[in-house]
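> Got a predicted model here, sequence first, then my questions.
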Amino acid sequence: MQLARVIGDVVATRKDENLAGIKLLVVQPLTPERQPAGRPLVVADSVSAGVGEEVFFVRGKEASFPFYPVEAPVDASIVGIVDHWNVEKG
Amino acid sequence: MQLARVIGDVVATRKDENLAGIKLLVVQPLTPERQPAGRPLVVADSVSAGVGEEVFFVRGKEASFPFYPVEAPVDASIVGIVDHWNVEKG
Amino acid sequence: MQLARVIGDVVATRKDENLAGIKLLVVQPLTPERQPAGRPLVVADSVSAGVGEEVFFVRGKEASFPFYPVEAPVDASIVGIVDHWNVEKG
Amino acid sequence: MQLARVIGDVVATRKDENLAGIKLLVVQPLTPERQPAGRPLVVADSVSAGVGEEVFFVRGKEASFPFYPVEAPVDASIVGIVDHWNVEKG
Amino acid sequence: MQLARVIGDVVATRKDENLAGIKLLVVQPLTPERQPAGRPLVVADSVSAGVGEEVFFVRGKEASFPFYPVEAPVDASIVGIVDHWNVEKG
């Protein structure tokens, strides 16, 4: 999973029917030092995250687990809102 | 998922039988600022997208979900046409 | 999926039994402008492609679909031979 | 799988219900020479690893195997604590 | 799949129970010209490969196929030992 900050959202009217009702957000992956880590991407939201919140997201088939029994065609989903993290000094 | 623009299509007569009837497009992934983000790739289309449209696509096993019950051997599919997106200023 | 050119083959006598009879080729991924895009890789062939042909291949679990009901341990397979592609000028 | 060192942990109260009780750690992937190899990431822990330990982790759908029958939405999990490794001189 | 050379092994006593008895090797991915291609990684071995041998390995869920019915939490496995490969001059 990767740490990220929610930075926006995506609006799409014409889409796969199994995406109906799923909120699509744009996140910026972060390093533990809160620096940008790679490019922003579009993720599905299963935990009611909002813009500005720090979250972690999962990629791959597992990203569709939160939407079962619907087989949502998503490859990245926010699965938690971070309270805080602790990383030892390198 | 990633934002992208449809930039072309692919024609293939000899192909896996489970690809029959599936439209294959070439997309250029985009950053939220509409800059190219990585290389173009070939995707399956499940939402009748056309060249020039802004879309988002999904990678991996989930890319085959829109074609069930056919087990289409695809690893990237357009699953939505974007109306617009909103991203906070960095 | 990615566009590629077939550039060689791999011969392996000792291998997983579910690879028996599956042809293994080496492909060079291509950009739409036919420039090399990343490193060559080994792929399974399900469409009788030959060295020099332009193809597209799929990665991941879906790469094993063409070999069902055998559960072939492959993560990349050629699934189509390209007639041609069309990409708008950037 | 990749070698890594555990460098921290993540605390998240609001998260997918199938993550309940799963410890989330931050790991730094390592080369065999113990140099950092890419960015730190968040992983689930199935072997009671602690900060400072050398481990190996698995990515993808397989990362959820240790948590069956719960379908945990995780894409990276520590599956072993390393005693030692041996690599020939290059 | 990728070509690689086996360069070492990993010893881990505390690990996921479904890894019991599975040999873990370190491989260096190779280009067709036998140059290093990216970083070494840890793979499971299903074909009794040894240090110094040239092999090809598979990534992802398919890497667990050789160990069925055990659901081994592995994301990369050697599935063949290479006799030789042929690649046309670029």
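Looks like it came in fine.

> C-alpha from now on. contacts and neighbour counts both.
Will do.

> which element is the most centrally placed residue in chain A on?
Compute the mean C-alpha point of chain A, and by CA atoms, centre = their mean the closest residue is residue A:78, 3.2 Å away. Taking DSSP states H and E as the criterion, the element that holds residue A:78 is strand A:76-81.

> So, low pLDDT: which residues of chain A?
A:90 (pLDDT under 70).

> Mind listing residues that contact the strand holding residue A:78?
With contacts defined as CA atoms under 8 Å, 6 or more residues apart in numbering or on different chains, strand A:76-81 is touched by A:42-47, A:49, A:53-60, A:63-64, A:66, B:1, D:12-16, D:73.

> cool, stretch A:34-43 as well?
Outside of stretch A:34-43, the residues that reach it under the criterion CA under 8 Å, 6+ apart are A:9-10, A:24-31, A:57, A:74-78, B:1-3, B:31-32, B:37, D:39.

> Separate out the buried members of those.
Judged by neighbour count, with 16 or more other CA atoms under 10 Å in any protein chain shown as the criterion, the buried members of those are A:9-10, A:24-30, A:57, A:74-78, B:1-3, B:32, B:37.

> Please flag which of those sit within strands.
Filtering the buried ones among the contacts of stretch A:34-43 for membership in strands, criterion DSSP state E, returns A:9-10, A:24-29, A:57, A:76-78, B:2-3.

> Going by distance to residue B:85, which of these wins?
When those are compared for distance to residue B:85, the smallest value, 4.3 Å, is given by residue A:10; criterion: CA to CA.

> about what we covered before: the helix or strand immediately after the strand holding residue A:78 in the chain near chain D anywhere?
Of the helices and strands lying after strand A:76-81 in sequence (DSSP H and E), the nearest is strand A:84-87. Yes: applying CA under 8 Å from any CA of the partner chain, one finds strand A:84-87 touching chain D at A:84-87.

> and the closest residue to residue A:80 other than its chain neighbours, what is it in contact with?
Leaving aside its sequence neighbours, residue A:80 sits nearest to residue D:15 (CA to CA, 6 or more residues apart in numbering or on different chains; 3.9 Å). Each residue near residue D:15 by CA under 8 Å, 6+ apart is listed here: A:47, A:79-81.

> What of residue A:49?
Residue A:49 makes contact with A:6, A:55, A:78, A:81 under the criterion CA under 8 Å, 6+ apart.

> quick one: the first one and residue A:30 touch, right?
Spelled out, it's residue A:6. No: checked against CA atoms under 8 Å, the pair residue A:6 and residue A:30 is beyond contact range at 10.4 Å.

> Settle this for me: residue A:8 is touching residue A:45, isn't it.
No: with contacts defined as CA under 8 Å, residue A:8 does not count as touching residue A:45, sitting 11.9 Å away.

> which residues are common contacts for those two?
In the contact map built from CA under 8 Å, 6+ apart, the residues linked to both residue A:8 and residue A:45 are residue A:25.

> how near is residue A:32 to residue A:5?
Computed with CA to CA, to the nearest Å, the distance linking residue A:32 and residue A:5 is 12 Å.

> for residue A:14, same thing?
26 Å.

> Compare the two (neighbour count), which wins?
Neighbours were tallied for residue A:14 and for residue A:5 using other CA atoms under 10 Å in any protein chain shown; the higher tally belongs to residue A:5 (24 against 17).

> leaving aside the residues next to it on the chain, what's closest to the more buried one?
That would be residue A:54: by CA to CA, 6+ apart, it lies 4.5 Å from residue A:5.

> same deal with residue A:81?
The nearest residue in space to residue A:81 (CA to CA, 6+ apart) is residue A:55, at 4.2 Å.

> For the one you found, which three-state class applies?
Using DSSP: H, G, I helix; E, B strand; the rest coil, the secondary structure recorded for residue A:55 is strand.

> Hmm, it is touching residue A:4, no?
Yes: the criterion here is CA under 8 Å, and residue A:55 meets it with residue A:4 at 5.4 Å.

> So what sits opposite the residue nearest to the centre of chain A in the bridge?
Here residue A:78 shows beta-bridge partners residue A:45, residue A:57, assigned using DSSP bridges.

> so how far is residue C:86 from it?
Residue A:78 sits 36 Å away from residue C:86, taking CA to CA as the criterion.

> Could you do residue A:42 as well?
Looking at residue A:42 against residue C:86, where the rule is CA to CA, the gap reads 27 Å.

> What's the local residue count around residue A:50?
Neighbour tally, residue A:50, other CA under 10 Å: 16.

> Next one: it relative to residue A:25, how far apart?
Using CA to CA, one obtains 8 Å as the distance from residue A:50 to residue A:25.

> which residues do these two both contact?
residue A:6.

> what inclination does the strand holding residue A:78 have with respect to strand A:23-29?
Angle of strand A:76-81 versus strand A:23-29, following axes from the mean of the first three to the mean of the last three CA atoms, to 10 degrees, is 80 degrees.

> so how many other residues sit close to the nearest residue to residue A:66 once chain neighbours are set aside?
The shortest distance from residue A:66 to any non-neighbouring residue, by CA to CA, 6+ apart, is to residue A:46 (6.4 Å). A total of 21 residues lie near residue A:46 under the criterion other CA under 10 Å.

> State the helix or strand in which the residue nearest to residue A:88 when sequence neighbours are not counted lies.
Across the structure, with CA to CA, 6+ apart as the measure, the residue nearest residue A:88 apart from its sequence neighbours is residue D:7 (5.6 Å). Taking DSSP H and E as the criterion, the element that holds residue D:7 is strand D:2-11.

> Mind listing residues that contact that strand?
Outside strand D:2-11, the residues that touch it by CA under 8 Å, 6+ apart are A:82-88, D:24-32, D:42, D:49-58, E:41-42.

> Centre of the chain to it, how far?
In terms of CA atoms, centre = their mean, to the nearest Å, the centre of strand D:2-11 is found 6 Å from the chain centre.

> The following helix or strand past it: partners in the sheet, and parallel or antiparallel?
Beyond strand D:2-11 on the C-terminal side, the first helix or strand identified by DSSP H and E is strand D:14-15. Here the strand partners of strand D:14-15, with direction, are listed using DSSP bridges: strand A:76-81 (antiparallel).

> Could you tell me the angle between the direction of the partner strand and that of strand D:2-11?
On the basis of the same axes, to 10 degrees, strand A:76-81 is oriented at 50 degrees to strand D:2-11.

> centre of the chain versus strand A:76-81, how much separation?
For strand A:76-81, the distance from its own C-alpha centre to the chain's C-alpha centre is 4 Å (CA atoms, centre = their mean).

> same question, stretch A:46-57
The offset between the C-alpha centroid of stretch A:46-57 and the centroid of the whole chain comes to 7 Å, using CA atoms, centre = their mean.

> tell me how far the ends of that stretch are from each other?
10 Å.

> repeat for stretch A:30-46
The separation between the terminal residues of stretch A:30-46, taken as CA to CA, is 20 Å.

> Thanks again, I'm all set now.
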